[in-house]
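K.L.:
Return atomic coordinates for the entry below.
(2 chains)
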Number of protein chains: 2
Amino acid sequence: MAPVEAVVLVTGSELVRGGRLDENGPFLARELSTRGIEPARISVVGDRPAALERAVAECLQADLCITSGGLGPTHDDRTVEILAKAAGRALVLDESLEEEIARVVRGLSQRFRRPYEEFEAGVRKQATIPEGATSLGLAGTAPGLVLGLDDCVVVVLPGPPGELQRLWRSALETEPVRRVLASAQRPGHRILRFFGLPESAIAGVVERAGGEAESLEVTICAHDLEVQVDLIAPAGAEGQADRIREVLREAHPDALFAEDDRGVEEIVLDLAREQGLMIGTAESCTGGLVAGRLTSVPGSSEAFVGGVVAYGNRVKVDTLGVPGDILERHGSVSAQVAASMAGGALKALGCDLAASVTGVAGPDGGTRDKPVGLVYLHAAGLDVAHGLELRLPGERDAVRRRAAASALHLLRRVLEQTRRKGV
Amino acid sequence: MAPVEAVVLVTGSELVRGGRLDENGPFLARELSTRGIEPARISVVGDRPAALERAVAECLQADLCITSGGLGPTHDDRTVEILAKAAGRALVLDESLEEEIARVVRGLSQRFRRPYEEFEAGVRKQATIPEGATSLGLAGTAPGLVLGLDDCVVVVLPGPPGELQRLWRSALETEPVRRVLASAQRPGHRILRFFGLPESAIAGVVERAGGEAESLEVTICAHDLEVQVDLIAPAGAEGQADRIREVLREAHPDALFAEDDRGVEEIVLDLAREQGLMIGTAESCTGGLVAGRLTSVPGSSEAFVGGVVAYGNRVKVDTLGVPGDILERHGSVSAQVAASMAGGALKALGCDLAASVTGVAGPDGGTRDKPVGLVYLHAAGLDVAHGLELRLPGERDAVRRRAAASALHLLRRVLEQTRRKGV
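P.N.:
So this is what the prediction gives:
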């Protein structure tokens, strides 16, 4: 059986002009991958008719084509029109859809206190769909669509990520999408994730264990100081995947921190929750990123009390109780201040374990002794006092992201220790 | 003169499996757009040779092709090899490049305390490049490359965003890239950004003002409650662009908040700095996102003191001084608690203006009276007390992002008022 070919087409001029990161391509890629279909490509194109027409025509060559964006009420939302043309289908006004959209729009016109007439042309446009297409229901005012062609199933989804995700779930229930997904074969997938090792150290181990033998696919990818190994094993390659996993486990037991794809923030929260512990943060250069990652997880309030973003020195002194003379003597970027911030957070926030971050994120503020990228971390509480000095490569964003990731891994290591000790 | 066609090719299996958002495509798109070249497409493909070969061959059809990723030391980094094949160039070991990479790797091997031999095969691989290619210098251990073919200039950049950005700046200095960029014509570009209006209200105004006449390109794009209008005016369409800008300014003067692409966090910091004011935050459901956005801006410490992430109620009481009986009576998601949090932050942080956020981000915790998406904001200080109740659509991430954006816009509005009043 030939593998199912899928492509994702993301549209939007703001995306090809670089105004925004695309979340929809990755979301759909993940959804397809877990169902055994690795997309052949994700194409991002603008709203210009010529580029869009070419891209849509190409996508219709695949077995499954999923589009995102271009469904809005304005003239530059062209996906449906261009799809109809490429598929050789007429555009027809769906009157029940028109009534459904009009109901939503009446609410909108009240909320924004704008006359309904202002929206009318948009409603008609959004209710006009290719002949034979089925509505997936509305997200905002935009209907998602499924269109089954002879050789290709097309799923048309709106651009806003939350709305796209909801309508994608509806699309999964439709007969054409179920049929195309049913023909995919889901390969075995093993994940190993390491922290604090170079990619090369892992690549060498994989090579020596036989590498990509027996149609096994191995990818090794470094990101923010983590290295993820994916072993994708079609039928027959499961043995080789297990062999490599075993060898990797034995080669780097201390650096291996996960065999699933939970973010380190989820791992930290799970470890804290199972030990009945509450976590807090004290952040300077990361300015809330550690707290932001922890609170991105639903239910994080069960194990995270909160944090202090002690950006200015005055907040370090007043809120976290860092002694002024320590700041004076060692400077705000120092192991001593990191320790004092973590201890202060423990008291101020009333938590069991607190992590602190202070560093030079750049682009300015670096000196010879304390260059951009110098970061101090500290964990306090649970009879632990664990400090780290890091020299992180990269520019402001990268330093902040890597410092936040390192702080989360520090919390993880402390919580793994306390679990082992049964504190 | 025909417009320059450019394409961006982003490679990485982790990207087509949806493991991560791509930043490089948007960065390169932005770089090209500001130079008058809107990329025809950004293609994201995996590391599988067949898909990669097809994508590389396609990209060589354009005048300028920029690739990201696939330059690492491991076997699944295939960009250079596939490019050489598609371009019909032999692969050659560049010995001076080999020595340059080896110097970096010796440092790495010490830092990670791993033997140099472990890295040796990777060094040789990374120093092997297509005949005629020029090195842009190293980023990490990966050389960026420029390769001038008969009809296409190829720029080969590494995957990590900071490294890609640095080598892109080197690529801009090379003769082949300068030549292809010099032939681009930079169109006029006007930006108008609105907050708190539906797209349709803006689309109607644009239509009535003549829309995309005279080859003007207009895109209208909504994101996290902001609507951005881009007017892209090739020579001859400048008059129509100015006309539409004028009409939009007059139609929605209160909603118009910027005519450039600074993030609202930058606008807030600029407004505070010019008035000599310091800002602080008190966040519950956004968990540090507002502080995180403010501190993403270099130099933010001049106008941002810090914040409290008061996720649990105990932190609201102990650190922000929210009275227990207000929490009891109104619940943590209430206008009263938002007001008390903002007032408390003002005192605890010693700032001039503080914004607070409390809400139900979901997926759990919603009730009939207080559903997911209900968010209260408050600004205190400068003799202002400004509260807002929002009902935000979307899931956890979207609610948090939109609440953070709304809090930043609240700060912006307050600071615009105080500037007008000359407080």
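K.L.:
what mean pLDDT does the strand or helix carrying residue A:329 have?
P.N.:
Assigned by DSSP states H and E, residue A:329 belongs to helix A:324-330. Helix A:324-330 shows a mean pLDDT of 97.
K.L.:
Next: stretch A:386-397.
P.N.:
Stretch A:386-397 shows a mean pLDDT of 90.
K.L.:
Check stretch A:157-166 too.
P.N.:
Per-residue pLDDT over stretch A:157-166 has a mean of 89.
K.L.:
Run the chain-centre distance for it.
P.N.:
A distance of 15 Å separates the centroid of the chain from that of stretch A:157-166, by C-alpha atoms, centre = their mean, to the nearest Å.
K.L.:
ranges for the helices of the stretch 51-200 of chain A?
P.N.:
Ranges of helices within the stretch 51-200 of chain A are A:79-87, A:95-111, A:117-126, A:161-172, A:175-182, A:199-208, based on DSSP state H, counting those that start in this stretch.
K.L.:
Would you mind measuring the gap between the ends of stretch A:122-133?
P.N.:
Start-to-end span of stretch A:122-133 (C-alpha to C-alpha, to the nearest Å) is 19 Å.
K.L.:
List the buried residues in that stretch.
P.N.:
Neighbour-count burial for stretch A:122-133 flags A:122, A:123, A:125, A:126, A:127, A:128, A:129, A:130, A:133 (criterion: 16 or more other C-beta atoms under 10 Å in any protein chain shown). Yep, even glycine has a C-beta here, placed from its N, CA and C like the rest.
K.L.:
ok so, going back, the helix holding residue A:329 close to chain B?
P.N.:
No. Using C-beta under 8 Å from any C-beta of the partner chain, helix A:324-330 stays clear of chain B, coming no nearer than 14.2 Å.
K.L.:
Would you confirm that residue A:265 contacts residue A:296?
P.N.:
Yes. Counting by C-beta atoms under 8 Å, residue A:296 is a contact partner of residue A:265 at 6.7 Å.
K.L.:
Just put the buried residues of stretch A:122-133 in TSV and tack on pLDDT and distance to chain B.
P.N.:
Shown next, in TSV, are the buried residues of stretch A:122-133 (pLDDT from 0 to 100; distance: C-beta to the nearest C-beta, whole Å):
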residue	pLDDT	distance to chain B
A:122	89	5
A:123	93	9
A:125	93	10
A:126	94	10
A:127	95	14
A:128	96	16
A:129	96	19
A:130	96	22
A:133	96	23
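K.L.:
Flag the shaky bits of chain A, pLDDT-wise.
P.N.:
By pLDDT under 70, the low-scoring segments of chain A are A:1-2, A:19, A:423.
K.L.:
Per the annotation, how does it divide into domains?
P.N.:
Following automatic domain parsing, one finds the domains of chain A at A:6-182, A:188-258, A:264-421.
K.L.:
Buried deepest among the ones you listed, which one?
P.N.:
Highest mean neighbour count of those: domain A:264-421, a mean of 22 (counted as mean count of other C-beta atoms under 10 Å in any protein chain shown).
K.L.:
Pretty sure residue A:234 sits against residue A:189.
P.N.:
No. With contact defined as C-beta under 8 Å, residue A:234 and residue A:189 do not form a contacting pair (10.5 Å).
K.L.:
roughly how far apart are the closest residue to residue A:186 other than its chain neighbours and residue B:17?
P.N.:
Closest residue to residue A:186 apart from its sequence neighbours, by C-beta to C-beta, 6 or more residues apart in numbering or on different chains: residue A:36 at 3.4 Å. Going from residue A:36 to residue B:17 by C-beta to C-beta, to the nearest Å gives 12 Å.
K.L.:
One more: residue A:138?
P.N.:
Distance, residue A:138 to residue B:17, by C-beta to C-beta: 30 Å.
K.L.:
Could I get the buried residues of stretch A:122-133 in a markdown table, plus columns for distance to residue A:184?
P.N.:
As requested, those are arranged in a markdown table below (distance: C-beta to C-beta, whole Å):
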| residue | distance to residue A:184 |
| --- | --- |
| A:122 | 37 |
| A:123 | 37 |
| A:125 | 35 |
| A:126 | 32 |
| A:127 | 33 |
| A:128 | 33 |
| A:129 | 27 |
| A:130 | 25 |
| A:133 | 23 |
